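Enquirer: coords please:
(one chain, ligands or ions: 2)
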Amino acid sequence: MALFKTTERVLGIDISVSAVKLMELSRSGQRYKVEAMAIEPLPEGAMENRNPSDLDAIADALKRAVRTSGTRLKKTAVAVPTSNVITRTIPMPIEYDEDTIESSIQLDAPNYIPFALEEIYMDFQTQGPSKVSKSTQDVMLVASRQENVDLRRDVLQGANLKPLIVDVEAYALENTFQLLQESLIKKEESDGVQLAKSTDGGLTALVDIGTSITSLYVLRNGKVIFTREQTFGSEQLTQTIADTYELTRDRAELAKRSGDLSEDYPTTILVPFQRSVAEQINQALQFFFSADHYGAGNYTSVGNIVLTGGGAMVAGLDRTVAELLGIPTQVGNPFVHMGNASRVNRHSLLRDGPLFAVACGLALRSFD
Ligand SMILES: Nc1ncnc2c1ncn2[C@@H]1O[C@H](COP(=O)(O)OP(=O)(O)OP(=O)(O)O)[C@@H](O)[C@H]1O
Ligand SMILES: [Mg+2]
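Expert: Numbers count the residues shown, from 1 in each chain. Ligands and ions are numbered 1, 2, ... in the order given. Predicted structure coming up:
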């Protein structure tokens, strides 16, 4: 599995529970432009445990996405869920070059990975000198069960696409996050808002609210240092709407997006949902602060919270989270400062930005 490295333009493909999302970016100087985008819903059950299950249905959705987007690219970057990978930082002698590291990892991996070597794909990245000793360097080892990767490769091939890079959702989001920070800073400046001074050593929480899973990432200096998944997502709100108003799931889904429901909807359903999202985020953060590792013991709060994923699009969620947790909170939209090709609908692009956070990070691999 080729993590991290490419010199070619790739399509970012997020194969997620609700839909397949496709993104092509180009860059000129420091400015990015959306060349193509598409989202095609997946039928219920197409994914199982966040991995492809109905390969034909997913390949068909991908083919439609490619067609409607108008992209000509065939090479792709996809991601496996963060919880599907094992990450270890391994100390190695500082003088080891990439080849020596590679052969040494082959020997050492069984000490770090709880799976047989023939069942996994591995890759590594050097992280520079270790903090502990000048004579060692940190090497980050990433491993995933082959099955998780192979299912995605098969789906892509079924749609006549080539898998070039297999990434991890956490790292794709890390990539997008750098853009998000820039656009949030620009927004604060143009609003005349004082930037929050980091009394916190620069911690940010990125919260990706998906269909049935919410992932919280704590970032320090733009790097993910902590991950936690909770089984809680935006589907919960759809279900509550369906049950309360006796609607089919599909109708409830539409009503959720438009907010076009009875007068008591905000107070009886919407706000309680927002509060439970805030509570979930709070729990995950408390778990992080109480953990001894990651240097978390030195922190009591994060400087800001960025919300992504479809769940972030629930009206007013950012305000409720900010109020309840007392932490500045924004919805992350990576496309605010990007241009777009004329075939890309600018309205959809700006509206659906949070949904494309992973796909965007994958498309950004083109410029590593
Ligand atoms: N405009 C909108 N307003 C409110 N909710 C929306 C909107 N668009 C999509 N959603 C919700 O977002 C959710 C899907 O989010 P997203 O696509 O980020 O999840 P996912 O990536 O499929 O899930 P996972 O990451 O677990 O695979 C759905 O529950 C959907 O109802
Ligand atoms: Mg997702």
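
Enquirer: Quick check: can you list the domain ranges of this protein?
Expert: Structural domains annotated on the chain: 11-82+147-175+337-367, 84-146, 197-327, as defined by automatic domain parsing.

Enquirer: Please state the offset of the shortest one from the chain centre?
Expert: For domain 84-146, the distance between its averaged C-alpha position and the chain's averaged C-alpha position is 23 Å (CA atoms, centre = their mean, to the nearest Å).

Enquirer: Also the first one?
Expert: Domain 11-82+147-175+337-367 has its average C-alpha position 12 Å from the chain's average C-alpha position, going by CA atoms, centre = their mean.

Enquirer: hmm, that domain in reach of ligand 1?
Expert: Yes: legend: contact between domain 11-82+147-175+337-367 and ligand 1 by CB under 6 Å from any ligand atom is shown at S16, V17, S18, A19, R50, L355. No exception for glycine: its C-beta is placed from N, CA and C like everyone else's.

Enquirer: what's the answer for stretch 234-244, then?
Expert: Yes: using CB under 6 Å from any ligand atom, we find that stretch 234-244 touches ligand 1 at S234, E235, T238.

Enquirer: could the residues you listed go into CSV alongside pLDDT and neighbour count?
Expert: Below are these laid out as CSV (pLDDT from 0 to 100; neighbours: other CB atoms under 10 Å):
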residue, pLDDT, neighbour count
S234, 97, 24
E235, 96, 20
T238, 97, 21
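
Enquirer: Of these, which is the nearest to ligand 1?
Expert: S234 (3.3 Å; CB to the nearest ligand atom).

Enquirer: What residues does that closest one make contact with?
Expert: I209, G210, T211, G309, G310, G311, V314 (CB atoms under 8 Å, 6 or more residues apart in numbering).

Enquirer: Which single one of those residues is nearest to S366?
Expert: Minimum distance to S366 across the contacts of S234 is 22.5 Å, recorded for G309 (CB to CB).

Enquirer: Neighbours of that closest one, how many?
Expert: G309 has 27 neighbours, counted by other CB atoms under 10 Å.

Enquirer: for T240, same thing?
Expert: Neighbour number of T240 under other CB under 10 Å is 17.

Enquirer: buried set for the helix or strand encompassing it?
Expert: If you go by DSSP states H and E, T240 is part of helix 235-245. Across helix 235-245, burial judged by 16 or more other CB atoms under 10 Å covers E235, Q236, L237, T238, T240, I241, A242.

Enquirer: circling back: of the contacts of S234, list those near ligand 1.
Expert: Among the contacts of S234, the ones lying near ligand 1 by CB under 6 Å from any ligand atom are G210, T211, G309, G310, G311, V314.

Enquirer: Rebuild those as CSV, extending it with pLDDT, distance to V302 and secondary structure.
Expert: Below are the ones next to ligand 1 among the contacts of S234 laid out as CSV (pLDDT from 0 to 100; distance: CB to CB, whole Å; DSSP: H, G, I helix; E, B strand; the rest coil):
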residue, pLDDT, distance to V302, secondary structure
G210, 97, 20, coil
T211, 95, 25, coil
G309, 98, 18, coil
G310, 97, 22, helix
G311, 97, 19, helix
V314, 94, 21, coil
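
Enquirer: which among those gets closest to ligand 1?
Expert: So of those, ranked by how close each gets to ligand 1 (CB to the nearest ligand atom), first place is G310, at 1.8 Å.

Enquirer: any idea how far the closest one lies from F288?
Expert: Distance check for G310 against F288: by CB to CB, to the nearest Å, it reads 24 Å.

Enquirer: same question, F367
Expert: 31 Å.

Enquirer: can you check P129 too?
Expert: In terms of CB to CB, P129 sits 26 Å off from F288.

Enquirer: what do you get for G316?
Expert: In terms of CB to CB, G316 sits 25 Å off from F288.

Enquirer: Compare neighbour counts for the two and give me the winner.
Expert: F288 (22 against 12).

Enquirer: Now for whichever residue of the stretch 101-250 of the chain sits closest to ligand 2: which residues touch it?
Expert: Taking CB to the ion, ligand 2 has its nearest neighbour within the stretch 101-250 of the chain at G210, 4.1 Å off. G210 sits next to S16, V17, S18, G233, S234, G309, G310, G311 when contact means CB under 8 Å, 6+ apart.

Enquirer: Considering those residues, which is situated nearest to R346?
Expert: G310 (19.5 Å).

Enquirer: ok, the closest one touching I209?
Expert: Yes: taking contacts as CB atoms under 8 Å, G310 lies within contact range of I209: 7.0 Å.

Enquirer: before we move on, back to that, return the subset of the residues of domain 11-82+147-175+337-367 next to ligand 1 lying in strands.
Expert: Within those, membership in strands is found for A19, as judged by DSSP state E.

Enquirer: May I see the ChimeraX selection of the buried members of the residues of domain 11-82+147-175+337-367 next to ligand 1?
Expert: Listed next is the ChimeraX selection for buried residues among these, using 16+ other CB under 10 Å:
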select :16,17,18,19,50,355
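
Enquirer: out of the residues of domain 11-82+147-175+337-367 next to ligand 1, what pair is the most spread apart?
Expert: R50 and L355 (15.9 Å).

Enquirer: hey, where'd the strands end up in the stretch 151-300 of the chain?
Expert: For the stretch 151-300 of the chain, applying DSSP state E, counting those that start in this stretch gives strands covering 162-168, 203-209, 214-220, 223-230.

Enquirer: can you pull out the helices in the stretch 1-150 of the chain?
Expert: 55-69, 98-112, 146-158 (DSSP state H, counting those that start in this stretch).
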